[in-house]
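K.L.:
starting from these lines, generate the structure:
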Amino acid sequence: MTKAQVNSLKLVTSLLVIAGLYLLTAPRHITFEDAGLFQQVCHFGGIAHPPGYPLFTIICTPAFALGFDPILTGNLISISFGLLTLTALYFVLGELGLSVNIRCFTVLIAGIGLEFWSQSLIIEVYSLNSFLLISLVFIALSFRRTGAAVWLWLGALVLGLSLANHWPLTLLTMPGIALIYLAALVKNPRQHLTRRNLIISSLLLLLGLVPYLHLLLKPVETFGYSGGIANFSEFIAYISRSAYAEVDETGFAGLRDKVAFAGWFSRSLFEQQGWILGVIALAGISHGLRTRPLEHLGLLLITAGNSYVLIGLLGFEYNYQYQTAFSHYPIMAYLCWSIWIGVGTAFLTARMMAIRPSYSWVSVLIMSALLAAATGHNFKENDRAGTTLAEDYANALLGALPKHSALVVDGDAQMSALGYKRYVELQRPDIDIYEWENTFAFNKLPLDRVEYLQALTKIRPVFSVEVSGLPRADEYALFQAISPEGPAIVVDETTLALFRQVATGYRQDRFRYGSDLAFAHQFLIGAGNYLFDRVLQGEIGPAEAETLVQVQQTFPGAIAVASLAMATGSTLLDRERLLMLLAPYEENFPVAAMPGEKWQYYIMLSRLVPADRAVSYIERAAAAQPDRRNPAWCHLNPEACQVR
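P.N.:
From the prediction side, this is the model:
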């Protein structure tokens with residue numbers, strides 16, 4: 001075999017290892033996040049949520065039209081672009097002067113990165129985004145090395161395609177890529193900044209943006225976030241993400257949140273492949289800046305743009321919900337981190353070999369051990385082959401609804417799993433699902449939503465899932481009836497089994513993925529409220545009582561039961577029992593606990609202990625969320641909470 005064939009074989013072997021890991025750990029059922037929404041968009045050829053991701057939907061729609069299993073099809077799309085990203089990364093490393101062995105090692109390191117692995121398993125836009133952006137890095141490095149105009153042209157085309165996939169993350173990446181380009185352009189501007197190059201590059205950039213026409217050409221009745229886009233002003237509002245303004249800027253986030261997020265992200269870098277390899281990445285940054293300063297300064301700008309700059313631009317509060325939402329944005333930052341692990345490995349290996357050539361084997365053994373350790377840890381964190389939470393929830397809820405029901409939901413998490421089961425898998429075709437804000441729904445609600453739904457109860461049973469603004473005539477385990485005239489529903493064993501399953505999984509830390517854990521946490525609050533209300537009504541049966549015991553052994557279940565007991569003045573749980581229920585979490589909040597739940601917890605404790613101890617709990621409650629939403633903080637800072 002020639003040297004080129006041997007090198008190709010090494011790369012292919014590395015990619016096959018990663019592909020095997022991804023296939024082993026990819027989910028077999030629908031998941032939360034945006035997976036169910038993308039499944040529906042790709043299945044029906046619709047429009048994804050803002051900014052629309054038109055390039056991705058153009059790719060996924062024909063893939064789904066082939067008729068294979070939709071979950072497998074969606075996963076394979078992301079896996080394929082994940083592998084293409086690693087292939088492009090291999091060539092980036094070559095442009096940075098690394099040997100083939102180090103490049104293959106780095107491909108493996110990047111592939112098993114905690115977040116990159118996670119986003120390569122489910123139907124999402126981020127593996128395509130990383131492929132396009134890492135390709136831009138390679139193109140920029142190639143242009144810097146050769147000065148050939150073809151790299152300028154190709155870069156313009158790929159930039160346009162990347163903007164047509166995820167323009168916010170692309171713009172955040174561009175300063176670093178532009179810096180790499182700039183050195184070659186400044187070195188010989190007359191050669192590169194010619195009219196011909198500018199015209200060709202501009203036309204290719206526009207060609208890359210053509211997928212956006214895909215959004216405008218869809219009919220108004222298209223399935224999507226808000227249906228089709230009727231005119232140019234709607235188009236601009238859509239791609240500018242104006243609908244997410246309140247999500248991106250909560251109104252309560254301040255400098256403290258941004259500093260905390262920056263610290264969290266910095267720690268997450270070291271968690272991608274482990275702290276030892278993280279230290280090696282720092283050595284790689286130092287060595288890279290000394291030997292190839294411009295290229296590595298560009299990589300630093302890419303890392304900062306996709307992390308610290310983005311944190312500064314967003315108004316996210318520092319809590320688990322927003323950590324989960326933010327975690328997949330810095331994929332390019334994590335890829336740059338992997339590059340520096342490779343650079344650091346090459347540098348340290350060279351230093352060891354300078355002492356004694358045979359030490360190269362020591363380096364191989366150490367790096368292999370670190371790679372194996374990181375793979376084992378991240379396999380456990382990302383193994384979603386047995387994940388069934390979204391599937392089980394959707395099956396239980398749809399199965400519990402009476403025939404010919406209408407169901408109103410509010411939020412992507414509900415519409416994602418339930419919409420997929422109902423409209424893609426065609427489960428329970430007798431049921432119609434409405435989304436309270438008319439997003440991703442085939443059935444649109446009129447402006448007078450409440451009146452319309454109340455009138456609908458005269459024709460068919462109508463239920464909702466935690467929709468504020470709708471009346472709640474009867475509470476059931478998984479949903480509420482908006483009219484008392486509907487059929488009676490008995491709690492079935494499937495629902496109780498789901499309660500117990502989620503409670504057990506929560507206690508045993510089985511929900512490792514952010515969206516699963518966040519859902520399980522809120523789900524157990526609802527379960528605790530429902531089951532203890534059954535106790536208060538004197539209607540609870542033996543199976544429900546057994547289930548309640550398991551639910552209240554979790555933090556969300558415990559605060560639900562305790563808060564309902566204290567709010568109603570129930571004597572079923574006296575002071576001692578309430579303290580026993582709450583005490584295990586005083587210094588041990590679960591990671592998914594929200595600030596509002598923490599101050600609620602401390603306030604409850606302050607009411608259960610003697611006055612001399614209550615003061616400390618009020619102070620801790622105030623510190624849990626220092627703003628006017630927190631009554632404990634307002635108690636200690638009354639002037640700050642005055643209405644102006």
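
K.L.:
from here on, just use CA atoms for contacts and neighbour counts.
P.N.:
Noted.

K.L.:
lowest-confidence helix or strand of this protein?
P.N.:
When the helices and strands of the chain are compared on mean pLDDT, DSSP states H and E, helix 245-248 comes out lowest with a mean of 64.

K.L.:
contact partners of the helix or strand that that one is followed by?
P.N.:
In the C-terminal direction, the helix or strand that comes right after helix 245-248 (DSSP states H and E) is helix 255-271. Residues outside helix 255-271 that contact it (C-alpha atoms under 8 Å, 6 or more residues apart in numbering) are 114, 277-279, 307-308, 311-312, 316-318, 323, 334, 337.

K.L.:
now helix 255-271: buried residues?
P.N.:
Within helix 255-271, the residues that qualify as buried are 257-258, 261-262, 265, 268-271, counting by 16 or more other C-alpha atoms under 10 Å.

K.L.:
check contacts around residue 76.
P.N.:
Residues near residue 76 by C-alpha under 8 Å, 6+ apart: 121, 123.

K.L.:
distance check, it against residue 579.
P.N.:
To residue 579, residue 76 is 50 Å away according to C-alpha to C-alpha, to the nearest Å.

K.L.:
re earlier: now rank the contacts of helix 255-271 by neighbours and give me the top one.
P.N.:
Tallying neighbours with other C-alpha atoms under 10 Å puts residue 337 at the head of the contacts of helix 255-271, with 29 neighbours.

K.L.:
only the buried residues of the host helix or strand of it, if you could.
P.N.:
Per DSSP H and E, residue 337 falls inside helix 331-355. Neighbour-count burial for helix 331-355, counted by 16+ other C-alpha under 10 Å, picks out 331-350, 352.

K.L.:
now stretch 534-547
P.N.:
In terms of neighbour count (16+ other C-alpha under 10 Å), stretch 534-547 has its buried residues at 534-536, 540, 544, 547.

K.L.:
and which of these is nearest to residue 8?
P.N.:
The closest of the buried residues of stretch 534-547 to residue 8 turns out to be residue 547 (C-alpha to C-alpha; 56.6 Å).

K.L.:
got the contact list for the closest one?
P.N.:
Contacts of residue 547 by C-alpha under 8 Å, 6+ apart are 496, 499-500.

K.L.:
ok, it to residue 164 distance?
P.N.:
According to C-alpha to C-alpha, residue 547 stands 49 Å off from residue 164.

K.L.:
same check, this time on residue 603
P.N.:
Look at residue 603 and residue 164: by C-alpha to C-alpha, they are 49 Å apart.

K.L.:
out of the two, which sits in the more crowded spot?
P.N.:
A side-by-side neighbour count of residue 603 and residue 164, using other C-alpha under 10 Å, places residue 164 first with 24 against 21.

K.L.:
so the more buried one sits right up against residue 50, yeah?
P.N.:
No. Between residue 164 and residue 50 there is no contact under C-alpha atoms under 8 Å: 11.7 Å.

K.L.:
among the contacts of residue 547, who's most crowded?
P.N.:
residue 499 (25 neighbours).

K.L.:
where's that one, which helix or strand?
P.N.:
Taking DSSP H and E as the criterion, the element that holds residue 499 is helix 493-507.

K.L.:
then residue 434?
P.N.:
Element membership for residue 434 (DSSP H and E) is strand 432-435.

K.L.:
next: residue 543.
P.N.:
Taking DSSP H and E as the definition, one finds residue 543 inside helix 542-551.

K.L.:
any stretches of the stretch 451-600 of the chain with poor pLDDT?
P.N.:
The model of the stretch 451-600 of the chain has pLDDT under 70 over residues 486, 488.

K.L.:
what ranges do the strands span in it?
P.N.:
Assigned by DSSP state E, counting those that start in this stretch, the stretch 451-600 of the chain shows strands spanning 462-464, 474-475, 480-481.

K.L.:
check which helices and strands the last one sits against.
P.N.:
If I follow you right, that is strand 480-481. Using 3 or more C-alpha pairs under 8 Å, 6 or more residues apart in numbering; DSSP states H and E, the elements in contact with strand 480-481 are strand 462-464, strand 474-475.

K.L.:
most tightly surrounded among those strands?
P.N.:
strand 462-464 (a mean of 27; mean count of other C-alpha atoms under 10 Å).

K.L.:
next one: that one to chain centre, how far?
P.N.:
Centroid separation between strand 462-464 and its chain, computed with C-alpha atoms, centre = their mean, to the nearest Å, is 28 Å.

K.L.:
so what touches that strand?
P.N.:
405-409, 453, 456, 479-483, 486.

K.L.:
direction included, what does that strand pair against?
P.N.:
strand 406-409 (parallel), strand 480-481 (antiparallel) (DSSP bridges).

K.L.:
so can I have JSON lines of those strands showing distance to residue 143 and mean neighbour count?
P.N.:
Output for those, formatted as JSON lines (distance: least, C-alpha to C-alpha, whole Å; neighbours: other C-alpha atoms under 10 Å):
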{"stretch": "strand 406-409", "distance to residue 143": "51", "mean neighbour count": "22"}
{"stretch": "strand 480-481", "distance to residue 143": "61", "mean neighbour count": "22"}
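
K.L.:
could you dump those to TSV with distance to residue 55?
P.N.:
As requested, these are exported to TSV (distance: least, C-alpha to C-alpha, whole Å):
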stretch	distance to residue 55
strand 406-409	29
strand 480-481	39
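
K.L.:
rewinding a little: and the helices and strands packed on strand 480-481: which comes nearest residue 490?
P.N.:
So among the helices and strands packed on strand 480-481, strand 474-475 is nearest, using C-alpha to C-alpha, at 11.3 Å.

K.L.:
strand partners (parallel or antiparallel) of that closest one?
P.N.:
As defined by DSSP bridges, the strand partners of strand 474-475 come to strand 480-481 (antiparallel).

K.L.:
what's in contact with the partner strand?
P.N.:
For strand 480-481, the surrounding residues in contact (C-alpha under 8 Å, 6+ apart) are 461-466, 472-475.

K.L.:
and the two most separated of those?
P.N.:
Farthest pair in the contacts of strand 480-481 (C-alpha to C-alpha) is 461 and 466. Separation: 16.4 Å.

K.L.:
now do the helix holding residue 337: which elements does it pack against?
P.N.:
helix 100-111, helix 114-119, helix 126-146, helix 275-291, helix 293-304, helix 359-382.

K.L.:
can we see that at 6 Å?
P.N.:
In this structure, helix 331-355 packs against helix 275-291, helix 359-382, with contacts taken as 3 or more C-alpha pairs under 6 Å, 6 or more residues apart in numbering; DSSP states H and E.

K.L.:
what mean pLDDT does it get?
P.N.:
Looking at helix 331-355 alone, the average pLDDT works out to 94.

K.L.:
what does it contact?
P.N.:
106, 110, 280-281, 283-285, 303, 359-360, 363 (C-alpha atoms under 6 Å, 6 or more residues apart in numbering).

K.L.:
got the angle between that helix and helix 275-291?
P.N.:
Interaxial angle of helix 331-355 relative to helix 275-291 (axes from the mean of the first three to the mean of the last three C-alpha atoms, to 10 degrees): 80 degrees.

K.L.:
returning to that earlier point: so which of the buried residues of helix 255-271 is the closest to residue 89?
P.N.:
Scanning the buried residues of helix 255-271 for proximity to residue 89, where the rule is C-alpha to C-alpha, the winner is residue 269, at 18.1 Å.

K.L.:
let's see the pLDDT reported for the closest one.
P.N.:
Looking at residue 269, the pLDDT reads 97.

K.L.:
and the one 4 residues further on, by the same measure?
P.N.:
According to the prediction, residue 273 has pLDDT 96.

K.L.:
which residues touch residue 443?
P.N.:
Residue 443 makes contact with residue 434, according to C-alpha under 6 Å, 6+ apart.

K.L.:
please redo it, this time with the cut-off set to 7 Å
P.N.:
Residues in contact with residue 443 (C-alpha atoms under 7 Å, 6 or more residues apart in numbering) are 433-434.

K.L.:
ditto for residue 134
P.N.:
For residue 134, the contact set (C-alpha under 7 Å, 6+ apart) comprises 85, 88-89.

K.L.:
got the angle for the helix holding residue 337 vs helix 126-146?
P.N.:
50 degrees.

K.L.:
that'll do, ta.
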